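> generate coordinates for the sequence data below:
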Amino acid sequence: MNLTTRPNPELTGRWWMPDGVESANLPYRIMRRVLHVAMALPWGPRVYNRCYEPTRGGAVYICNHQSFLDPMLMSYSLRRPMSFMARDSLFKVPGFSQLISKFNAFPVKRGSADTGAMKEAMRRIKAGGQMVVFAEGTRTLDGRIGPFLPGVALLAQRAAEWTVPVVIDGAFEVWPRTQRLPSPGHIVVQYAKPIHRDEARRQSPQEFISHVRQIIIEMQTDVRRRMGRPELKYQGAETRGETGKF
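Prediction:
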């Protein structure tokens, strides 16, 4: 597997994005700089293949979910701004709602089919924005990648020009859901080659989302092997090399 730490060269060397591409607001850009420093000492995240960040067009980044750190880890090394879905209870905290809104977050109701949130996500993607989706809907219990929510395929196939699979590994060991505060450790973020909407639409929603999940599982296996971590076991077709029809 070819790996690089370089960003997309068409998006670097400038403060503003190319013509026709959304630029991040000032608070977003400042926070991204702060995160570069704040996350370096305790975790030193290694980020691979950020060169796959699409230069233009609406994109959905489909990522596994290991910890509370994931939204920051997923996006802090990319150049274009991201939008996020956040559980609606966070928007009821005084002052916090205004803060996360400046970082392009919007509310979603957990445990229900929130059509309003889905429509807002599609609107932002169709307008040329980038959306982060944690497709499992909740943090992992054991580090493995759980089933993906079916609505993720809707965003990718109907709204996005690009779908980018992403894996985060090591964040579960650093901050599992059973642990109150994070601990030091080593974290890896790796992006896969974007899937164009023409390819995404050639598959059924279930086939497509299974395909993306398998890409992420295989990236996780590769990352853990490189880092000297034990391989996480999956059942049936959820093993490396058993997805030939995709």
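
> name the single longest helix found in this protein.
Counting by DSSP state H, the longest helix found in the chain is helix 205-227.

> what mean pLDDT does that one have?
On average, the pLDDT along helix 205-227 is 97.

> equivalent analysis for stretch 66-78, please.
According to the model, stretch 66-78 has a mean pLDDT of 93.

> buried ones in that stretch, by neighbour count?
66, 67, 69, 70, 71, 72, 73, 74, 75, 76, 77, 78 (16 or more other CB atoms under 10 Å). C-beta coordinates here come from the backbone N, C-alpha and C atoms, glycine included.

> would you map the helices across the chain?
26-38, 40-43, 70-75, 96-102, 115-126, 151-154, 171-174, 197-200, 205-227.

> for this protein, what helix or strand is lowest in average pLDDT?
helix 96-102 (a mean of 83; mean pLDDT, DSSP states H and E).

> returning to that earlier point: will you turn the helices of the chain into CSV that also has distance to residue 165?
Conversion of the helices of the chain to CSV gives the following (distance: least, CB to CB, whole Å):
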stretch, distance to residue 165
helix 26-38, 22
helix 40-43, 22
helix 70-75, 12
helix 96-102, 25
helix 115-126, 16
helix 151-154, 11
helix 171-174, 17
helix 197-200, 11
helix 205-227, 4
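
> for residue 133, find the nearest of the ones you listed.
The closest of the helices of the chain to residue 133 is helix 151-154. By CB to CB, the value is 5.5 Å.

> can you point out the buried residues in that closest one?
151, 152, 153.

> again with stretch 186-194
187, 188, 189, 190, 191, 192, 194.

> beta partners for the nearest residue to residue 166 once chain neighbours are set aside?
What sits nearest to residue 166 in space, not counting adjacent residues and going by CB to CB, 6 or more residues apart in numbering, is residue 63, at 4.1 Å. Beta-bridge partners of residue 63, counted by DSSP bridges, are residue 134, residue 166.
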